[in-house]
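**Q** Sequence and computational prediction follow.
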Amino acid sequence: MYAAGLRISEALKLRVIDIDSARMTLTINQAKGQKDRYVPMSPRLLTELRNYWSTLLRMHFCRTSDLGKRVYRCDPCNHEATVFNSCGDRNCPQCSGAKRRNWLDSTLSLTIPQATYFQVVFTLPAPLSSLALGNRRAIYELLFETAWAALQRKIEKDLGIQAAGVAVLHTWNQRLGHHPHVHLMVPGSGPSLDGQRWVGVACNGAARPDG
């Protein structure tokens, strides 16, 4: 939207009927000076808008009759219960809530009770942000790979233990600006490089995963 020259107030008022995919233009109603104006739209922006609208539609109809339903019947008593289908979109708070809980439970099952954990963050340099927007999968995978390689090398060299960790990608900051970074939850102790003993690492004020 920034590339199209839209102000935030104009983007918030944008409607589906304002998008002309045939002429590849956006109609901005009651813009500056209370005048309508037309701005060019790139193919990529059109794709993003379609994806955004499709996501909103799925979330709007989540767990309603519009997405179909399933009926469960108890044979002994003939009682029926109707469950409406969910949208399954990763942005949906109703659907992703259960996925987050499942992910958290499975991740916590991998933690070691006696170990102290640290959070480590690797951030993509700001000059590469525009490159990442045009090549998201490749750049994000590269960010994961280089972050882990650097962390593993540092842990093995300085602590003398086998590195381990759980990584999560965040692509936006609190102001919804593009800001790719990887959070890693890393144990502060682990098996020695030869696998013969457990090595603990002294630390001060570190938080455990349940704290």
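**A** Perfect, I can see it now. Numbers count the residues shown, from 1 in each chain.
**Q** mind listing what's buried in stretch 134-144?
**A** 139-140, 143 (16 or more other Cβ atoms under 10 Å). Where C-beta positions appear, they are placed from N, C-alpha and C, glycine not excepted.
**Q** And stretch 143-158, by the same measure?
**A** 143, 147-148, 151, 155.
**Q** Repeat that for stretch 45-55.
**A** Here stretch 45-55 shows 45, 49 as buried, counting by 16+ other Cβ under 10 Å.
**Q** What is the strand ranked longest in the chain packed up against?
**A** Within the chain, and with DSSP state E defining each element, the longest strand by residue count is strand 178-187. In terms of contacts (3 or more Cβ pairs under 8 Å, 6 or more residues apart in numbering; DSSP states H and E), strand 178-187 is packed against strand 117-123, helix 129-134, helix 136-158, strand 166-172.
**Q** Need the buried residues of stretch 143-158 in TSV (columns: pLDDT and distance to P76).
**A** Shown next, in TSV, are the buried residues of stretch 143-158 (pLDDT from 0 to 100; distance: Cβ to Cβ, whole Å):
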residue	pLDDT	distance to P76
L143	94	55
A147	94	56
W148	94	54
L151	93	57
I155	91	58
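**Q** Tabulate those (a markdown table), appending distance to P127.
**A** Shown next, in a markdown table, are the buried residues of stretch 143-158 (distance: Cβ to Cβ, whole Å):
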| residue | distance to P127 |
| --- | --- |
| L143 | 14 |
| A147 | 17 |
| W148 | 22 |
| L151 | 22 |
| I155 | 28 |
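**Q** So for A31, what pLDDT did the model give?
**A** Listed pLDDT for A31 reads 69.
**Q** Now render the helices and strands packed on strand 178-187 as JSON lines, adding distance to L26.
**A** As requested, these are exported to JSON lines (distance: least, Cβ to Cβ, whole Å):
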{"stretch": "strand 117-123", "distance to L26": "32"}
{"stretch": "helix 129-134", "distance to L26": "19"}
{"stretch": "helix 136-158", "distance to L26": "23"}
{"stretch": "strand 166-172", "distance to L26": "23"}
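**Q** show me what contacts the residue nearest the centre of the chain?
**A** Centroid-nearest residue in the chain, with Cα atoms, centre = their mean: H170, separated by 5.5 Å. Shown in contact with H170 (Cβ atoms under 8 Å, 6 or more residues apart in numbering): 179-183.
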